[in-house]
Every structure is written in C-alpha cells, then in structure tokens.
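Participant: Quick one, what's the 3D model for this:
(one chain, ligands or ions: 1)
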Amino acid sequence: MTIQWTADLVVGINSIDTQHRELFLRVNSLLDVASGGNGNQKTKEVILFLCDQVMACFSLEEKFMAQYRYPLANCHQVEHDRFIEDLTHLTHGYDAKGASTYLVMGIQRRVCNWLIDHIDKSDRALGNYLKARL
Ligand SMILES: [Fe+2]
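Facilitator: Residues are numbered from 1 along each chain as shown. So this is what the prediction gives:
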C-alpha cells in the first residue's frame, strides 16, 4: 500500500511541488517499513525522516506566505500546526504501543488523507496566489 503522487496534485510552484513529491516518497518509505514489521529502531528512523520533510515543506510554504503577505496565511498555518500535533500524537502512540498495524492505519487515516486534501485545497490556493506574484 502506497500514497500515489499524481499530476493533479501539482500546485505550480516548483520548489513546493518538489518538496511535496519528496514527502510522498518518505510517507511510502514509512508505510513500507511499518507494514514489513521491521525493527523498531528502523521504523523510528523513518518516522523522524518523514517529520523532517514535513517541517521542510511547511517552513518553505510559511516563508512564501510571509514574504508575499498571503491573506489566508493564518488559516493555512493553523492547518499545518494541527497536522504537526496529529503527527506527534501518532509518533507518541507508536512509541507507547510499538504496533506496526496501529502505525500503518494511523498513517493512512491521518497522514495520507490529510496530505492529499491539504495539497489539493490549501496548497493549491497558495500556489495560485504565488504564481501571480513570482
Ligand atoms: Fe501547506
């Protein structure tokens, strides 16, 4: 099971799209490791690797939002903050339970669905705003 990158998720700003594609690769690495029942240490490394990329994506977009005074920046920021909270809960849940099924289901429900929805709506809106200004 994987999360698929498709052309309709392109938001039209190269640096943002590149970060998003890398994010999908890392989500897939995590799904791979978690569903393969690999050791906890490896899984934890891949979780942290994914978290790094989430932070890189969000900081890039937040930098653009501030620089170009994006009017919907506050709402967009709240969505990012909530996702980070959710990801933190998922990671802590995994630390406590150590169950790969729990992790795989959590990633699918809370990470994959959120990413596709957020990119399709909020990041696309940001991309359209930036395209007119870059
Ligand atoms: Fe975003």
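Participant: State the distance from the residue nearest the centre of the chain to Ala7.
Facilitator: For the chain, Val54 is the residue whose C-alpha lies nearest the centre (Cα atoms, centre = their mean; 4.9 Å). Look at Val54 and Ala7: by Cβ to Cβ, to the nearest Å, they are 22 Å apart. The C-beta positions use only the backbone N, C-alpha and C, and glycine is treated the same way.
Participant: Could you do Ala34 as well?
Facilitator: 27 Å.
Participant: more crowded one of the two?
Facilitator: Ala34 (23 against 5; other Cβ atoms under 10 Å).
Participant: quick one: Phe24 from the ion, how far?
Facilitator: 14 Å (Cβ to the ion, to the nearest Å).
Participant: ok, now Ala96?
Facilitator: From Ala96 over to the ion (counting by Cβ to the ion), the distance is 29 Å.
Participant: do His80 as well
Facilitator: His80 is 6 Å from the ion, by Cβ to the ion.
Participant: Return the per-residue confidence for the closest residue to that residue other than its chain neighbours.
Facilitator: Excluding its sequence neighbours, the residue lying closest to His80 (Cβ to Cβ, 6 or more residues apart in numbering) is Phe58, at 4.6 Å. At Phe58, the model reports a pLDDT of 98.
Participant: how far out from the middle of the chain is stretch 28-36?
Facilitator: 15 Å (Cα atoms, centre = their mean, to the nearest Å).
Participant: Stretch 117-131 too?
Facilitator: With Cα atoms, centre = their mean, you get 14 Å for stretch 117-131.
Participant: what about stretch 112-125, how long is it end to end?
Facilitator: 19 Å (Cα to Cα, to the nearest Å).
Participant: Kindly list the main-chain dihedrals of Val11?
Facilitator: Main-chain torsions, Val11, degrees, to the nearest 10: phi -100, psi -10.
Participant: so the closest residue to it other than its chain neighbours is in which element?
Facilitator: Nearest non-adjacent residue to Val11, counting by Cβ to Cβ, 6+ apart: Gly127, 3.1 Å away. Gly127 is part of helix 124-131 when elements are defined by DSSP states H and E.
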